[in-house]
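> Sequence and predicted structure are below.
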2 protein chains.
Amino acid sequence: METYYSHLHNQPVVPGLEPPLTQPQREYLAEIYRIHDENGGKVPTNLLAERLHVSPPAAVKMIRRLVCDGYCGREPYKGVTLTDKGVREALREIRSHRLVERFLVDVMNFGWHEAHQYAHDFEDLSAEVEDRMDMLCGYPTRCPHGEPIPAKDGTIEVLKDAPMAKVEIGTKGQISRIKSHSRDKLMYLAEIQMIPGQKIEVVNRAPFNGPIRVKINGRDEQVVGAELAADIWVE
Amino acid sequence: METYYSHLHNQPVVPGLEPPLTQPQREYLAEIYRIHDENGGKVPTNLLAERLHVSPPAAVKMIRRLVCDGYCGREPYKGVTLTDKGVREALREIRSHRLVERFLVDVMNFGWHEAHQYAHDFEDLSAEVEDRMDMLCGYPTRCPHGEPIPAKDGTIEVLKDAPMAKVEIGTKGQISRIKSHSRDKLMYLAEIQMIPGQKIEVVNRAPFNGPIRVKINGRDEQVVGAELAADIWVE
DNA sequence: TTCCATATTTTACCTAGGCTAATTTTAGCA
DNA sequence: TGCTAAAATTAGCCTAGGTAAAATATGGAA
């Protein structure tokens, strides 16, 4: 590891007196966190680049800066991990993103399938605007897809849920989150009332990874394919 | 003037097939337009830099790029002007900014003294989000300070108004716009009901650029100092 | 087990848009 | 007219992006 001088003032970094992160840096940290969550710990450079709509070389360079600043650990050709410091910043960014998604749906009347896309229009918000969005949405704890919104103090709720495709037959519960950003899937799920918070009962599952029959709201029955069922998590 | 190759793809620029402007470029154009309006045509580099919170050398470099792209004209050491193409882009950006200000006040319940500041949080909006803000505000024609919002087709209303400090005594009309972004001035003006749209009559003006007595709403009388009266325009 | 083809990652070098420090130009005043 | 102060510009560096080419790792066949 090379010696490190702040890119902002060309002076050695004093612990506890660090320069603030830039917006791109925060976005990298947040995306590393998300991939770590979904991908079982491994965060390959190219996947990170792809998800951020950035070229692989750009990601490599940024990762090196983040490692030097102490936000990441890294093994070349293996992958990236977040340090505790990195996780803290990632959750701050994720909080902002999920609050914006709620704001888009609750206040600006966008559909939940549009929320993720348009949330990119609201990056790098001041604390005052973010707090106002929080207030106007009634201090929500989940984003429109059901993901928990990290609290201001940096804590995040750990959900005890599982994909519908894996829960035992007969299980009653409610939909916790939809782990997909596909517009079409989200529109279809909203149509058949499969949204976070909805009461649900797994009635039966066809063999060989077949479709699942569920009872929604204690009344309507729906059949859900295996692919969709993997994205629907219940608690 | 040097020959010009697109900075995006290193290819000569084909007329009619130009690369889209970046967000910083649009902001420069909008600020040049504003200064031109307020400063009687002259746009000095350093004033532009100051207003954009950018260093003078950064402004010089950007201006050169904008000149090469055909958005600006320029005489070194003299100042900048906008071409027709530049005005078109400037008005697009100004429309977005003023719509955001309305949104902040009408939907997010910020005070008009906060609107200008927080509008910087909402730069580079997608057309869909901008249109939604427009709709949620009821398709407004003026920003909270009274400035006309350019239409989608690029036209802008030309107001026939004048600073209160210059209108004849006895004139009746309404406040058109407040040409100041000072938090304190705006808060004070809101307190004494001097906001755009308010009916007003200039009752009397003390000599030697002295304070002005005005009747607001046909009833309450207020005395306004010369400095403030220069920022209050009436139509 | 070794070697090769392929996929992944990294290096090298370009651009835009910022910065500071130093220089040049212009303009105002004695 | 000449000097000084302000304004504008040049020079050279930084971050964050890009493409093209080189380097490294990995899985399959001999």
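On my side now, so go ahead. Numbering: from 1, shown residues only, chains lettered A, B, ... in the order given.
> So stretch A:167-185, near chain B or not?
No - Stretch A:167-185 does not reach chain B (CB under 8 Å from any CB of the partner chain); its nearest approach is 13.1 Å. Where you see a C-beta, it was placed from the backbone N, CA and C, and this is true even at glycine.
> can you check stretch A:21-33 too?
No - judged by CB under 8 Å from any CB, stretch A:21-33 and chain B are separated, with a smallest distance of 11.5 Å.
> Just the CA atoms of that stretch, as CSV, please.
C-alpha atoms of stretch A:21-33 as CSV (Å, rounded to 0.1, in the frame of the first residue of the first chain):
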residue,chain,number,x,y,z
LEU,A,21,-16.4,11.6,1.0
THR,A,22,-17.4,12.8,-2.4
GLN,A,23,-20.7,11.7,-3.9
PRO,A,24,-19.2,9.1,-6.3
GLN,A,25,-17.2,7.6,-3.4
ARG,A,26,-20.4,7.2,-1.3
GLU,A,27,-22.2,5.6,-4.3
TYR,A,28,-19.4,3.0,-4.7
LEU,A,29,-19.6,2.2,-1.0
ALA,A,30,-23.3,1.8,-1.0
GLU,A,31,-23.2,-0.4,-4.1
ILE,A,32,-20.4,-2.6,-2.6
TYR,A,33,-22.7,-3.1,0.5
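> Give the buried residues for that stretch.
Neighbour counts using 16 or more other CB atoms under 10 Å in any protein chain shown place A:Leu21, A:Gln25, A:Arg26, A:Glu27, A:Tyr28, A:Leu29, A:Ala30, A:Glu31, A:Ile32, A:Tyr33 of stretch A:21-33 among the buried residues.
> centroid residue for chain A?
In chain A, the C-alpha nearest the mean C-alpha coordinate belongs to A:Arg34, at 5.2 Å (CA atoms, centre = their mean).
> and the one helix or strand that residue maps to, is it in reach of DNA strand C?
A:Arg34 is part of helix A:23-38 when elements are defined by DSSP states H and E. No - Helix A:23-38 is not in contact with DNA strand C by CB under 7 Å from any atom of the strand; minimum separation 11.4 Å.
> Show residues contacting that helix.
By CB atoms under 8 Å, 6 or more residues apart in numbering or on different chains, the list of residues contacting helix A:23-38 from outside reads A:21, A:42-43, A:47-48, A:51-52, A:59, A:62-63, A:65-66, A:69, A:71-72, A:80-82, A:86-87, A:89-94, A:97, A:123-124, A:179.
> Stretch A:122-132 now?
With CB under 8 Å, 6+ apart as the criterion, stretch A:122-132 contacts A:23, A:27, A:96, A:99-100, A:103, A:133, B:108-110, B:114, B:118, B:121-122.
> who's in contact with A:Met133?
A:Met133 neighbours (CB under 8 Å, 6+ apart): A:Leu99, A:Val100, A:Arg102, A:Phe103, A:Val107, A:Leu125, B:Met108.
> and it, what pLDDT?
Reading off the confidence values, A:Met133 has pLDDT 98.
> Quick one: name the residues of chain A near DNA strand C.
Residues of chain A lying near DNA strand C (CB under 7 Å from any atom of the strand): A:Pro44, A:Thr45, A:Asn46, A:Leu47, A:Pro56, A:Pro57, A:Val60, A:Lys61, A:Ile63, A:Pro76, A:Tyr77, A:Gly79.
> Run a quick neighbour tally on the second one.
Read it as A:Thr45. 19 (other CB atoms under 10 Å in any protein chain shown).
> For it, give me its contacts.
With CB under 8 Å, 6+ apart, A:Thr45 has these contacts: A:Pro56, A:Ala59, A:Val60, A:Ile63, A:Gly79, A:Val80.
> And the pLDDT for the second one?
In this prediction, A:Ala59 carries a pLDDT score of 96.
> Tell me who's in contact with the nearest residue to it once chain neighbours are set aside.
Distance criterion CB to CB, 6 or more residues apart in numbering or on different chains; nearest residue to A:Ala59, sequence neighbours excluded, is A:Ala49 at 3.9 Å. Contact partners of A:Ala49, counting by CB under 8 Å, 6+ apart, are A:Ser55, A:Pro56, A:Ala58, A:Ala59.
> helix or strand for the last one, which one?
Going back to what we said before, that points to A:Ala59. helix A:56-68.
> That helix - contacts with which helices or strands?
helix A:23-38, helix A:45-51, strand A:72-75 (3 or more CB pairs under 8 Å, 6 or more residues apart in numbering or on different chains; DSSP states H and E).
> cutoff 6 Å now
helix A:45-51, strand A:72-75 (3 or more CB pairs under 6 Å, 6 or more residues apart in numbering or on different chains; DSSP states H and E).
> can that helix be found next to DNA strand D?
Yes - using CB under 7 Å from any atom of the strand, helix A:56-68 reaches DNA strand D at A:Pro57, A:Ala58, A:Lys61, A:Met62, A:Arg65.
> most surrounded residue in those?
A:Met62 (22 neighbours).
> contacting residues for that one?
A:Met62 sits next to A:Tyr28 when contact means CB atoms under 6 Å, 6 or more residues apart in numbering or on different chains.
> Do me a favour and get the end-to-end distance for stretch A:207-215?
19 Å (CA to CA, to the nearest Å).
> tell me the mean pLDDT over that stretch?
88.
> Tell me which residues of it come out buried.
Of all the residues in stretch A:207-215, those buried under the rule 16+ other CB under 10 Å are A:Pro211, A:Ile212, A:Val214, A:Lys215.
> what sits up against it?
A:200-205, A:221-226, A:229.
> if we can go back for a sec, turn the residues of helix A:56-68 next to DNA strand D into CSV, including distance to B:Ile149.
Converted to CSV, those look like this (distance: CB to CB, whole Å):
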residue, distance to B:Ile149
A:Pro57, 42
A:Ala58, 37
A:Lys61, 41
A:Met62, 38
A:Arg65, 41
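> before we move on, the earlier item: for A:Thr155, which of the helices and strands packed on helix A:56-68 is the nearest?
strand A:72-75 (21.3 Å; CB to CB).
> Now flag whichever of the contacts of A:Thr45 is closest to chain B.
A:Pro56 (19.5 Å; CB to the nearest CB).
> ok so, going back, of the contacts of A:Ala49, buried ones?
A:Ala59.
> I'd like the contacts of A:Ala49 as CSV, with distance to B:Leu189 appended.
Formatted as CSV, these follow (distance: CB to CB, whole Å):
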residue, distance to B:Leu189
A:Ser55, 50
A:Pro56, 54
A:Ala58, 48
A:Ala59, 50
